[in-house]
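**Q** Next input, structure requested:
(chains A and B)
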Amino acid sequence: MVGFLARRLLAMLALLLVVSFITFTLFQFGPADPAAAACGQECTPDRVAQARVALGMDQPFFAQYLNYLSGFFTSRQIGAPGAETLCSWPCLGKSFQTNENVTDVIMRALPYTLSMAVGAVLLWTVAGVGFGLLAALRKGRGADKLIVGAASVGVSMPIPVTGLLLLLIFVSTLHWLPFTSNSISSPFGPAGPGAWFLNYLLPWVALAVLFSAQYIRVTRNTMIETFGEDFMRTARAKGLDQRSIIFRHGVRAGITPVITMLGLDIGALLGGAVLTEQIFSVPGLGFTAVRAAMSGDLPVTMALTMLAAFFIITANVVVDLLYAAVDPRVRVS
Amino acid sequence: MDTTTPFLDIRGLGVTFPTDDGLVSAVNGMDLRLERGSTVGIVGESGSGKTVTSQAIMGLLKGTSATISGEIRFEGVDLVGLTEQRMRAYRGRRIGMIFQDPLSAMHPFYTVGRQIAEAYRVHNRVGAKAARTAATDMLARVGIPDPVGRYDAYPHEFSGGMRQRAMIAMALICEPELLIADEPTTALDVTVQAQILDLIASLQAETNSAVILVTHDLGVVAEVCEQVVVMYGGQCVEQAPVGELFADTAHPYTRGLLASMPSMADESGRLTPIPGFPPSLLDLPAGCLFADRCPVASLVPGDRCRTERPELRGTGAHRSRCHLDELPSPTTIGATA
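**A** Reported below is the predicted structural model:
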């Protein structure tokens, strides 16, 4: 187990290095000129050149890259010669746009994304697994057909459609819910958990409609398969009651594909739900990433790309570990 | 006709399944009688209805799309009419069942010991510790070495034979009066087969339980059973004490089955397969179900074998479902087969 973890961690580091290099390289060929963007409205070629030096863009490609990487191990001085400011460890650079430490930008956006993810994941898991299981138990009957039908509608509803519909109905027309506010980023803030809940309810629902549809389909299919397994017949032959048969024997065995899917989806969602954050104006990681990419803010874009990669890779490792915890056959070797 | 209630009495059992192609008649009028402490073998090829019959006894077809007719009387109580709830009191407690493939029949994520203990706790109000002790004792009884240590092993860590022993432990831990063994040795090595059969026989002797052994292997039947029921097309075509079945075979299908057994092969070493295929269960013929493959159907006057379904008749324990039995001298006909 220790060897497995060590191997996975090494692979993870190598992968992050590759991701960082690719992002860095791509940026050199991108259309946005950060220096032009940084120097504002009244720009002269002279001031652009100054900005390039201040941003470190006058240096050769590899020097810039290595300089960037050094921030993972030590603090750095960043800025125009003579006017450098400290970027403390772990230094992911300073935003070309605002000159803030990228770490601060991320730490500010992260709570919004976490708030979105927590509720959405809970909601879609409960709804997806619950309805999927119900459909499997009522296979071929009315409830099954209704659930499967609703799931195929849900899975074909893109977030912009559901999101805008929800906003139109519950915010603009019925006025039941407030429009999402930037000031609420966690349930422990001054507004309290109630306001937090109402604030994020619509984004949660929008994400849950899309994701639970997939969870319904996967849960239904794997559970139907599991219910046909020999060990389910054995459980019945023992004289167990229906609930033990379904949950202790059936769900326990059939839930593994859902765990895999859940791990990877959480990983991807933590990287930033770009569309959802845009539509509901939640200033999370996805929202920040879009802004940074559009304004050529290389350090922020790099950091967010690597963070997303980090989440996805971590989710993969966690899924593997969970698999071993759930299925004893995986533990061998 | 008897004054005492038989231990298990199956009469006119019919099982049909609706499918997209039509109604499948998996069992068509199955009869079986079994006394406490005795062993009956149900023999037949795939699709003959033997497994469906055993599942019907266990009530495993309840809640499925299957339609069940007839009676399965267990000490006088008709199991066919029982609700799922009431059937649960029989499963595991009074009727135990073991399956063909012990690896797939055990839950892959739970330890063997836990699964056996679970079977015990369903029907006994005991704590985890007492159940563990009972399961460990049972593992020892079925001949698993180091039962305390093996309790915490998973099914995939057992060998095939050990798994089937564990399966037997699971089925017998509540000491059921009836054990249904559905192809218990088919998935096992030949060397292990005999051990498992011996184990079933010795446990049966200890508890005086009845055993229904479902198999396609007449050799297994000859080894352990007292009574044999030969099934074909979802019907019992011949029922006899095991010695009589081999010595005085009444039904042409049984004769065909015996001729296709390796030990019964002629000197050339060739097996004699029964030509043709079993009847489609979607559209059963009006006459004898075996008529199309039967080598002696032409000996029956008229076209009775194709127009009239024969009844299960016979004297005493030996009964068979063949029109030929009614003819004056069956022995001369036997010679032509």
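**Q** burial measure for the closest residue to residue B:154 other than its chain neighbours, as a count.
**A** Distances taken as Cβ to Cβ, 6 or more residues apart in numbering or on different chains place residue A:328 nearest to residue B:154, at 4.6 Å, with adjacent residues excluded. Just so you know, the C-beta spots here come from the backbone N, C-alpha and C atoms, and that holds for glycine as well. As a burial measure, residue A:328 scores 17 neighbours (other Cβ atoms under 10 Å in any protein chain shown).
**Q** sec struct for residue B:65, please.
**A** Using DSSP: H, G, I helix; E, B strand; the rest coil, the three-state assignment for residue B:65 comes out as coil.
**Q** how deep is it tucked in, by neighbour count?
**A** Residue B:65 is flanked by 10 other residues according to other Cβ under 10 Å.
**Q** List the contacts of the residue lying closest to residue B:277 once chain neighbours are set aside.
**A** Of all residues not flanking residue B:277 in the chain, residue B:293 sits nearest, at 7.7 Å (Cβ to Cβ, 6+ apart). Residue B:293 makes contact with B:253, B:256, B:274, B:275, B:276, B:277, according to Cβ atoms under 8 Å, 6 or more residues apart in numbering or on different chains.
**Q** in the helix or strand containing residue A:205, what counts as buried?
**A** Using DSSP states H and E, residue A:205 sits within helix A:192-227. Using 16 or more other Cβ atoms under 10 Å in any protein chain shown as the test for burial, helix A:192-227 gives A:195-196, A:198-220, A:222-224, A:226-227.
**Q** Over to stretch B:279-291?
**A** So, applying 16+ other Cβ under 10 Å, buried residues of stretch B:279-291: B:279, B:281, B:284, B:285, B:287, B:288, B:289, B:290, B:291.
**Q** Distance from the chain centre to it, please.
**A** Computed by Cα atoms, centre = their mean, to the nearest Å, the separation of stretch B:279-291 from the middle of its chain amounts to 22 Å.
**Q** related to what we said a few turns ago, so which of the buried residues of stretch B:279-291 sit within strands?
**A** Among the buried residues of stretch B:279-291, no member is found in strands (DSSP state E).
**Q** between those, which is closest to chain A?
**A** Of all those, chain A sits closest to residue B:281, with 20.3 Å by Cβ to the nearest Cβ.
**Q** thinking again about what came up before, select from the contacts of residue B:293 every entry located in helices.
**A** Residues of the contacts of residue B:293 located in helices (DSSP state H): B:253, B:256.
**Q** any idea how far the residue lying closest to residue A:223 once chain neighbours are set aside is from residue B:102?
**A** With sequence-adjacent residues excluded and distances taken as Cβ to Cβ, 6+ apart, residue A:223 is closest to residue A:136, at 3.6 Å. Going from residue A:136 to residue B:102 by Cβ to Cβ, to the nearest Å gives 26 Å.
**Q** So between these two, which is more surrounded?
**A** Between residue A:136 and residue B:102, counted using other Cβ under 10 Å, the more crowded position is residue B:102 (27 against 24).
**Q** How about the contacts made by residue B:61?
**A** Residue B:61 touches B:15, B:52, B:55, B:68, counting by Cβ under 8 Å, 6+ apart.
**Q** Can you lay out the residues you listed as TSV showing secondary structure, pLDDT and neighbour count?
**A** What follows is the contacts of residue B:61, written out as TSV (DSSP: H, G, I helix; E, B strand; the rest coil; pLDDT from 0 to 100; neighbours: other Cβ atoms under 10 Å in any protein chain shown):
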residue	secondary structure	pLDDT	neighbour count
B:15	strand	94	23
B:52	helix	92	24
B:55	helix	92	23
B:68	strand	93	20
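**Q** ok, of those, which one's closest to chain A?
**A** So of the contacts of residue B:61, ranked by how close each gets to chain A (Cβ to the nearest Cβ), first place is residue B:55, at 8.1 Å.
**Q** pLDDT score for the nearest residue to that closest one once chain neighbours are set aside?
**A** Nearest non-adjacent residue to residue B:55, counting by Cβ to Cβ, 6+ apart: residue B:61, 5.5 Å away. In this prediction, residue B:61 carries a pLDDT score of 91.
**Q** SS state for residue B:61?
**A** The local conformation at residue B:61, judged by three-state DSSP, is coil.
**Q** From residue B:65, how far off is the residue of the stretch 1-150 of chain A found nearest chain B?
**A** Closest residue of the stretch 1-150 of chain A to chain B, Cβ to the nearest Cβ: residue A:140 (9.1 Å). Relative to residue B:65, residue A:140 is positioned 9 Å away (Cβ to Cβ).
**Q** again, but for residue A:88
**A** 69 Å.
**Q** Now do the contacts for the residue nearest to residue A:223.
**A** Taking Cβ under 8 Å, 6+ apart as the test, what residue A:136 contacts is A:144, A:219, A:220, A:221, A:223, A:224, A:227.
**Q** Would you indicate which residues of the host helix or strand of it are buried?
**A** Using DSSP H and E, residue A:136 sits within helix A:102-137. Judged by neighbour count (16+ other Cβ under 10 Å), helix A:102-137 contains these buried residues: A:102-103, A:105-106, A:109-121, A:123-125, A:127-129, A:131-137.
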